[in-house]
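Enquirer: Show me how the following folds:
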Amino acid sequence: MKSTSPLHLLFCAVLNIVVLSLVSCSQKEIKLFNGQDLNGWHVDVPLLDSVPNAINPFVVRNGNLISLGTPQGHLITDSSYGNYRLSLQYRFVGEPGNCGVLVHASTPRALYKMFPKSIEVQLMHENAGDFWCIVEDITVADMEERRGPKSEWGITEGKLRRIINLTDTSEHPLGDWNSLSVECKGNTIKVWVNNDLVNDGYNATVSQGQIAIQAEGSEVAFKDIVLLPL
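Expert: Okay, the predicted model is just below:
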C-alpha cells in the first residue's frame, strides 16, 4: 500500500480549512439595519423632487426603523442580492393600514411613477403575504383562483397584479410584533408570517435585485432586519 506523505496530509488539512471557511462565510448573516442610522440604504420619495424640505418618511427611533407612511416612497438598499432568506420583525405603530417589503427591486418609479420594478410582499393589515407584481411577474398554484381571470393578468397599471396569500389568519393582534421571512432562491419566492407559510411562488421573471421598504400611508416599525445568503 502506498503511504501518504506528511506534506500531502498537511495540504489536505489546509484545503479542508479553506473550504469550511468559505462555506462559513457564504452563510454569514448580513445585518441590513444597524439600529442607529440608515447606512446602506437610500430614499426614493418623488415628492422630495419638488418639495426638498418635505419630511423624510424613514427615520430611526428607539433602535427601530420607522416608516412614517407619508410622504409616500421607498427606502432601498444600496446593494443588490440574490439567493437569500430575509427576516425581520414589524408592527403597526398606530392605525393599521398599508405597507410592504419589495424584493428584487431595480428600475425606480417604473409603476405609477412611484414603485420600482420588483415583487412586493404585502404587509397590509389582514393581507400580509400577498404578492403584488410590479413590472415583474411570478406564478403560484391555483393562479386563477388567487389572481382572477387570466385575461386580466398583467404587471403594469390597470392589470390584475395582486396574488392573494394562502392565509389571512397569521398576523398577531394589532400593536404586537410580527415576524416576516422571505426566501428568494433562484426564481422562487416563499413567504412566512409568524412561521406560517403564506405564499409560495415560482417562475419569477427576476432572481436578484435590491430590497425596499415602503412608506404607503401607515406608520410601521421594523427591527432585526437580517439577510442570510443561501
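
Enquirer: okay, CA-based contacts and neighbour counts for the rest of this
Expert: OK.

Enquirer: which residues touch stretch 120-135?
Expert: Applying Cα atoms under 8 Å, 6 or more residues apart in numbering, the contact partners of stretch 120-135 are 96-103, 110-111, 115-119, 154-156, 161-166, 168-169, 171, 191-193, 198-199.

Enquirer: Over to stretch 87-94?
Expert: Contacts of stretch 87-94 (Cα under 8 Å, 6+ apart): 174-182, 218-227.

Enquirer: mind running it again at 7 Å?
Expert: 174-182, 219-227 (Cα atoms under 7 Å, 6 or more residues apart in numbering).

Enquirer: Quick one, grab the pLDDT at the closest residue to Trp153 other than its chain neighbours.
Expert: Spatial nearest neighbour of Trp153, chain neighbours left out: Leu160 (4.6 Å); criterion: Cα to Cα, 6 or more residues apart in numbering. What the model reports for Leu160 is a pLDDT of 98.

Enquirer: shaky segments in this structure?
Expert: 1-26 (pLDDT under 70).

Enquirer: can you give me the helices for it?
Expert: Under the criterion DSSP state H, helices of the chain are mapped to 6-26, 47-50, 143-147.

Enquirer: show me what contacts Gly35?
Expert: Counting by Cα under 7 Å, 6+ apart, Gly35 has contacts 63-64.

Enquirer: And it, how far from Asn64?
Expert: Relative to Asn64, Gly35 is positioned 6 Å away (Cα to Cα, to the nearest Å).

Enquirer: what's the answer for Ala221, then?
Expert: 6 Å.

Enquirer: Then Asp78?
Expert: 19 Å.

Enquirer: for Val198, same thing?
Expert: In terms of Cα to Cα, Val198 sits 25 Å off from Asn64.

Enquirer: Also Phe131?
Expert: 25 Å.

Enquirer: before we move on, what about Gly175?
Expert: Applying Cα to Cα, the value for Gly175 to Asn64 is 14 Å.

Enquirer: higher neighbour count, those two?
Expert: More crowded of Gly175 and Asn64, by other Cα atoms under 10 Å: Asn64, with 21 against 15.
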